[in-house]
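Novice: model this:
(2 chains)
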Amino acid sequence: MLLGEEAPTRGTITLDGIPLVAEPGPDRGVVFQRYSVFPHLTVLGNVLLGKAFTGSKIAARLFGASKRSAVEEARQLIADVGLAGSEDKYPAQLSGGMQQRLALARGADHEAQSAAARRAVWRARSRHSRRNPCADEVPLARDQNSPSSWSPMTCARPSPRAPASSPSSARATAPRSAERYGALLSRDIDIWPPRIAGEPSIFAPDRDDPVMPLGLAQDDSAPTQGDKP
Amino acid sequence: MRWINTKPGPAVRLMLMLAPFVLLVIAYGMGSAARLADNPSDKLLPALASLTDAINRMAFTPDVRTGEYLMWADTIASLSRLLWTLGISTTIALLFGMIVGMFPYVRALLAPFIATISMVPPLALLPILFIVLGPGEAAKITLIVIGVAPAMIRDLALKVIELPREQIIKAETLGGSSRQIALRVVLPQTLPRLLTCLRLQLGPARLFLIAAEAISADSRLGYRIFLVRRYLSMDVIFPYVARITLLAIIMNFALDRLRIAIFPWSNLERQ
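Specialist: Down below sits the predicted model:
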């Protein structure tokens, strides 16, 4: 729904009170589980494509000095995700994990361009965020009941215009590790397994709820965690 | 070892590749010899010697009347006609295939129409084309375009629709407009399919070409075949058929090499 691929049967999605446009744009970033990279472009070409889209409206290609600087930035991003030396390879020549890292490099690039207001925050954590562009967004639960085959990891970016007091930007600037993993349910959702507001899921308590100290399905060592059962 | 896991080496592969061709030539030679033993003036299966004689006559000796080398003149005329029509069909197919595949409104408008057009048997339209456009080049080119273009449009539109939706969304989140996505994401991924599509359409294109030339022409391969058919000159027809086939094989191979040379990634994807 965030990407405009499925329409809500009822209700509207608002971000900071503004209805969400039902069409993806540069305000949204996504790394799909498959098909996140363009097979016809090299690693370098994949990272450059976003720059070309923003830099050249008509031809969607960069030339001359702007191209040189874009290539330089792109090479830096590629090196940051550990793909240095593979710039001229096509995605089909990369492993699945390398392809996803390439997708992240591109996401990080367009992330970095998206909002000048958040540059400072970005610089402070640029190392971290390049590895994980979703880290300071509001991650949404992947919909396990979705009938479609693709289950994307979607990040909605808090609007750069958001007032500092709004919940989303508060979370964006100061994520606490215990709350980082999910959104809180504010209403009961009529699905199976049942999701009751304020209560964890009975089957996978850690999937999209606040981290439970002694969750049954927990497999990482969050600092709040006690002794494992 | 299981049969499905046994693979021939290069030498064996070459021998296997040539075997059917050699068998065909041997079978022809035997059949021809048997018929000629019965009736020395048999024309249906001429001996290999008279075939080479005919090739010499058609390809390497100037025609007494016009002074042209008939087989070359016919080949060049037919080829240029074929290339013209394939060029026109390709342009139409690329343009329409992309907009039909990309824009739901255009798809709703044109897809059923193109599907209907592609079901019309083009050869049945041939008399009408000759009446409307005259017996010249225009009718022949139109015939081949009508025969080839709708199938190509449908194929390309399907290819565009087949592009993973994720890629398009990804391009949108990178800030691409419809135009930019068409230029940088859809077009480059459609072009290799266009070449493959062209390769597959060579067969129908030549069918329509020969048919049109057989009915109305004053030179070219199809004309020659149907001209000498009156004299039962199988010694001319066989080399001509072989020549048309050879041209198609070369074009087929060249188009595939061209695709791999221009779009190396399209071959990586298949492995």
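Novice: Around chain B, pick out the residues from chain A.
Specialist: Counting by CB under 8 Å from any CB of the partner chain, the residues of chain A close to chain B are A:3, A:5, A:23-26, A:28-30, A:32, A:34-36, A:38-41, A:49-50, A:52-54, A:57-61, A:90-93, A:103, A:106, A:110, A:150, A:152. Heads up, the C-betas are built off the backbone N, CA and C, glycines and all.
Novice: Sort out which of these are buried, if you could.
Specialist: Among the residues of chain A next to chain B, those classed as buried by 16 or more other CB atoms under 10 Å in any protein chain shown are A:3, A:24, A:26, A:28-30, A:32, A:35-36, A:38-41, A:49-50, A:52-54, A:60, A:90-92, A:103, A:106, A:110, A:152.
Novice: coming back round to it: mind checking which of the residues of chain A next to chain B land in strands?
Specialist: Those of these mapping onto strands are A:Arg28, A:Gly29, A:Val30, per DSSP state E.
Novice: hang on, the first one packs against B:Gly175?
Specialist: What that stands for is A:Arg28. No. In this structure, A:Arg28 is not within contact of B:Gly175 by CB atoms under 8 Å, at 10.4 Å.
Novice: For chain A, which segments count as helices?
Specialist: A:43-55, A:64-80, A:96-114, A:119-124, A:126-131, A:167-173 (DSSP state H).
Novice: One more: the stretch 101-250 of chain B?
Specialist: For the stretch 101-250 of chain B, the helices defined by DSSP state H, counting those that start in this stretch occupy B:104-119, B:122-133, B:137-162, B:165-173, B:178-181, B:187-215, B:221-228, B:234-262.
Novice: buried set for the first one?
Specialist: Right, the one you point to is helix B:104-119. B:Arg107, B:Leu110, B:Ala111, B:Ile114, B:Ile117, B:Ser118.
Novice: Does it reach chain A?
Specialist: No. Counting by CB under 8 Å from any CB, no contacts exist between helix B:104-119 and chain A, the nearest distance being 13.2 Å.
Novice: Alpha carbons only: can I get that helix in CSV?
Specialist: In CSV, the C-alpha atoms belonging to helix B:104-119 read as follows (Å, rounded to 0.1, in the frame of the first residue of the first chain):
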residue,chain,number,x,y,z
PRO,B,104,-2.6,0.8,-19.3
TYR,B,105,-4.7,3.3,-21.2
VAL,B,106,-3.0,2.6,-24.5
ARG,B,107,-3.2,-1.1,-23.7
ALA,B,108,-6.9,-0.9,-23.1
LEU,B,109,-7.2,1.0,-26.4
LEU,B,110,-4.9,-1.0,-28.7
ALA,B,111,-4.2,-4.5,-27.4
PRO,B,112,-7.5,-6.1,-28.5
PHE,B,113,-7.3,-4.3,-31.8
ILE,B,114,-3.8,-5.5,-32.5
ALA,B,115,-4.7,-9.0,-31.4
THR,B,116,-7.6,-9.0,-33.9
ILE,B,117,-5.4,-7.6,-36.7
SER,B,118,-2.8,-10.3,-36.1
MET,B,119,-5.4,-13.0,-36.6
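Novice: Can you tell me which helices and strands that helix packs against?
Specialist: helix B:70-102, helix B:137-162 (3 or more CB pairs under 8 Å, 6 or more residues apart in numbering or on different chains; DSSP states H and E).
Novice: so where's chain A uncertain?
Specialist: A:109-185, A:200, A:203-229 (pLDDT under 70).
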